[in-house]
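Asks: Need coordinates for the below:
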Amino acid sequence: MESSVTASRDATRSEWRNWSGHQGADPDAFAQPETLEALRDGVVNARRLRVVGAGHSFTPLVPTGGTLINLDRMGGVRSVDPESQSAWVGAGSRLRDLSPAFHEQGLAFPNLGDIDVQSLAGAIGTATHGTGRELPCLSAAITGVRLLTAGGEDLEWTRERDPERLQAAQVSLGALGVIHELRVALRPNYRLHRRTWAERLDSIIADAAARWERHRNFEFFYIPFSGWGMCIAHDETTAAPTERAPSTDDEDLMKAKRLRDLTRWCTPLRRAILSRVVRGVTPEDVVGDSWRLLASERNVRFNEMEYHLPPENAVDALREVIDVVERERRDVFFPIEVRQTAGDDAWLSPFNGGRRISIAVHTHARDEDDWLFRRVEPIFRRAGGRPHWGKLHSLGAPELAELYPEFERFLALRRELDPTNKLVNAHTARLWGEPHHG
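Replies: Numbers count the residues shown, from 1 in each chain. Have a look, this model is predicted:
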C-alpha cells in the first residue's frame with residue numbers, strides 16, 4: 001500500500017505516483033536523507049520542494065518539478081517519557097511501525113484511522129482521523145514539532161512553549177517547513193472489544209446518535225444499492241484477547257465489483273442480490289489490542305472524496321448522496337463510510353470548533369471520479385462541510401477562508417516562514433491564493 005517511486009534517467013531523478021495512481025510527479029531530484037544535516041542541505045539547495053510519505057493523499061499535495069524529499073530513513077522512536085506518557089519520534093515513521101514500538105513501552109495511540117500505513121507527518125498534516133464522539137483526529141495528539149523552514153532554520157514549537165504556532169503546525173500540509181520530529185501524547189495500552197454486524201440503513205440512521213454516545217468508537221458503511229449497512233463498534237475492555245479470523249474485506253469488495261458488472265442492466269436485481277448477501281455476512285466479535293483492531297488493511301485501490309459536516313446536517317446530506325449514487329452512478333460499488341470525530345483547536349483542522357460527522361464516497365481507482373465534483377461535492381458544501389485535506393476536493397483560498405476562522409493567520413505565518421514559496425506547488429498555490437511559477 002505504498003506510493004510508487006521509480007528511478008529514471010539518473011540516480012537523482014525519479015518518477016512518482018501515489019497509492020491510487022491518481023497523482024504523479026517527475027521531480028528534478030528525489031532525496032531520502034538520513035541525518036538532519038543532509039535534510040538541511042536538501043532543503044536549502046532546493047529550488048522547489050515537497051515532502052512525500054506513503055502517498056495516501058488523493059489530492060495533489062506532493063507533485064513538484066523540484067525536489068521531492070522522503071523521510072523514511074529518519075523515522076523511529078527518539079525518546080519516550082513514561083511519566084508524561086509521550087514520545088518524540090521521527091516524522092517519517094509509519095504508524096504501523098510506531099504502534100508495536102509504543103506497545104513495548106506500555107503505551108498506545110489514543111485512536112487510529114482506517115489504515116496505518118501512512119507516515120506520522122503525513123497523517124497529522126492532513127488531519128487524518130478515526131471515529132469516536134469524544135476522540136479527536138490524530139493531529140490533536142501532537143504536543144511538539146521540530147521543523148526546518150524553507151531557509152534551513154531549525155525550529156521547535158511545543159504546547160508549553162509557543163502553543164499557537166503548534167496549533168498552526170498540527171495541520172499544515174507541509175506549508176510551514178519540513179517537519180522532522182514530532183512529540184506524540186500517548187496513553188497506557190488498552191484492549192478493545194470489536195463487534196461488526198449488518199443492519200438496515202434506516203435503522204442505523206435512527207440509532208446512530210445514540211450509538212456514538214454509547215460506544216467508544218462507532219462507524220458504519222452503507223453498501224450502495226442494498227438498503228443495508230455494516231456497523232463497527234469498539235469498546236474498551238479488560239477481557240483476554242481472542243482469535244480473529246482473517247479479513248475478507250478485499251474479497252468482498254471484488255465480489256461487489258463482479259456483481260456490479262453482471263447486473264448493471266437491472267438495478268432491482270442487483271439490490272435483491274446485494275441485500276441478501278449483506279444480511280448473510282458473518283458478524284465479528286473479538287477482543288484485542290487497540291492498534292491491532294482499529295486499523296485495517298486496504299489493498300483494492302480507490303480514490304476518495306470525504307467531507308466533514310456539522311452533525312445536524314449530516315443525515316440529510318447522506319441521504320442525498322445515496323440518492324445521487326443510486327439514481328445516476330451504477331458503477332459505484334464501494335461502501336459509503338460515515339464516522340464522527342471530536343473537535344480540536346488546530347488552526348486548519350476540519351474539526352476546529354466542534355464535532356463533525358464525516359461522509360466518504362469512494363470510486364475504484366480505474367473508474368471515473370469527476371462526477372464526485374459535479375454531483376457529490378455540492379451536497380457537502382451546502383451542508384457546511386469542510387473537505388479532508390488529503391482527499392478529493394476543488395476548494396481554493398476564497399472558499400477555505402470562509403470555512404476556517406484562523407485561515408488568514410495561517411497564511412501570514414506561512415508567508416513569514418516561506419517568503420519565496422519554495423514549499424508551494426500548483427495545488428497548494430490554489431489553497432493559499434498564491435501564484436505558481438512551476
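Asks: Tell me who's in contact with the most centrally placed residue in the chain.
Replies: With distances taken as Cα atoms, centre = their mean, the residue of the chain nearest its centroid is residue 128 (3.5 Å). If you count contacts by Cβ atoms under 8 Å, 6 or more residues apart in numbering, residue 128 has them with 113, 118, 122, 137, 138, 139, 390. To be clear about C-beta, it is placed using only N, CA and C from the backbone, and glycine gets the same treatment.
Asks: Pick out whichever of the residues you listed sits closest to residue 95.
Replies: Distance to residue 95, by Cβ to Cβ, is smallest for residue 118 among the contacts of residue 128, at 5.7 Å.
Asks: That closest one is in contact with residue 95, isn't it?
Replies: Yes. Assessed by Cβ atoms under 8 Å, residue 118 is found in contact with residue 95 at 5.7 Å.
Asks: who has more neighbours, those two?
Replies: Ranked by neighbour count (other Cβ atoms under 10 Å), residue 118 and residue 95 place residue 118 first, with 27 against 22.
Asks: residue contacts, that one?
Replies: Per Cβ under 8 Å, 6+ apart, neighbours of residue 118: 53, 54, 56, 94, 95, 128.
Asks: gap between it and residue 244?
Replies: Computed as Cβ to Cβ, to the nearest Å, the residue 118 to residue 244 distance reads 23 Å.
Asks: The residue nearest to the centre of the chain falls within a strand, correct?
Replies: No. Residue state for residue 128 (DSSP: H, G, I helix; E, B strand; the rest coil) corresponds to coil; a strand is not indicated.
Asks: Show me where the stretch 151-300 of the chain has its strands.
Replies: If DSSP state E, counting those that start in this stretch is used as the criterion, the strands of the stretch 151-300 of the chain fall at 154-158, 178-185, 187-188, 191-200, 217-223, 228-237, 284-289.
Asks: now stretch 377-389, how far from the chain's geometric center?
Replies: Computed by Cα atoms, centre = their mean, to the nearest Å, the chain-centroid distance of stretch 377-389 equals 16 Å.
Asks: got a list of contacts for it?
Replies: Residues outside stretch 377-389 that contact it (Cβ under 8 Å, 6+ apart) are 57, 59, 61, 125-127, 171, 173, 305-310, 313-314, 316-317, 320-321, 324, 348, 350, 356, 358-360, 393-395, 399, 403-404.
Asks: Any stretches of this protein with poor pLDDT?
Replies: 1-14, 438 (pLDDT under 70).
Asks: how about the helices in it?
Replies: For the chain, helices defined by DSSP state H occupy the ranges 36-45, 95-104, 120-125, 163-170, 201-214, 249-263, 267-279, 290-294, 311-328, 370-371, 377-382, 397-403, 407-417, 426-432.
Asks: Tell me the helices and strands packed up against the last one.
Replies: Which is helix 426-432. Here helix 426-432 touches helix 397-403, going by 3 or more Cβ pairs under 8 Å, 6 or more residues apart in numbering; DSSP states H and E.
Asks: now the helix it packs on, how far from the centre of its chain.
Replies: Worked out by Cα atoms, centre = their mean, helix 397-403 lies 21 Å from the chain centre.
Asks: just stretch 334-346 next, same as before
Replies: Stretch 334-346 sits 10 Å away from the centroid of its parent chain (Cα atoms, centre = their mean).
Asks: could you dump that stretch to CSV, C-alpha only?
Replies: Output in CSV follows, covering the C-alpha atoms of stretch 334-346 (Å, rounded to 0.1, in the frame of the first residue of the first chain):
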residue,chain,number,x,y,z
PHE,A,334,-17.5,0.8,-2.7
PRO,A,335,-19.3,1.4,0.6
ILE,A,336,-20.0,4.9,1.7
GLU,A,337,-18.3,5.4,5.1
VAL,A,338,-19.7,7.5,8.0
ARG,A,339,-17.7,8.5,11.1
GLN,A,340,-17.8,11.1,13.8
THR,A,341,-14.8,12.9,15.3
ALA,A,342,-14.4,15.2,18.3
GLY,A,343,-13.4,18.9,17.9
ASP,A,344,-9.9,20.4,18.4
ASP,A,345,-8.2,23.7,18.2
ALA,A,346,-5.6,23.3,15.3
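Asks: Buried residues of that stretch, list them for me.
Replies: 334-346 (16 or more other Cβ atoms under 10 Å).
Asks: Identify, from the contacts of residue 128, the entry nearest to residue 191.
Replies: residue 113 (18.9 Å).
Asks: Residue 128 versus that closest one, what's the distance?
Replies: Residue 113 is 5 Å from residue 128, where distance means Cβ to Cβ.
Asks: which strand residues sit across from the closest residue to residue 53 other than its chain neighbours in the sheet?
Replies: Closest residue to residue 53 apart from its sequence neighbours, by Cβ to Cβ, 6 or more residues apart in numbering: residue 119 at 3.1 Å. For residue 119, the beta-bridge partners under DSSP bridges are residue 94.
Asks: need the contact list for residue 400.
Replies: For residue 400, the contact set (Cβ under 8 Å, 6+ apart) comprises 407, 431.
Asks: Oops, could you answer that again for residue 342 instead?
Replies: Taking Cβ under 8 Å, 6+ apart as the criterion, residue 342 is in contact with 132, 133, 134, 135, 136, 140, 351, 355.
Asks: Including distance to residue 25, could the contacts of residue 128 go into a markdown table?
Replies: Below are the contacts of residue 128 laid out as a markdown table (distance: Cβ to Cβ, whole Å):
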| residue | distance to residue 25 |
| --- | --- |
| 113 | 25 |
| 118 | 18 |
| 122 | 15 |
| 137 | 27 |
| 138 | 25 |
| 139 | 25 |
| 390 | 16 |
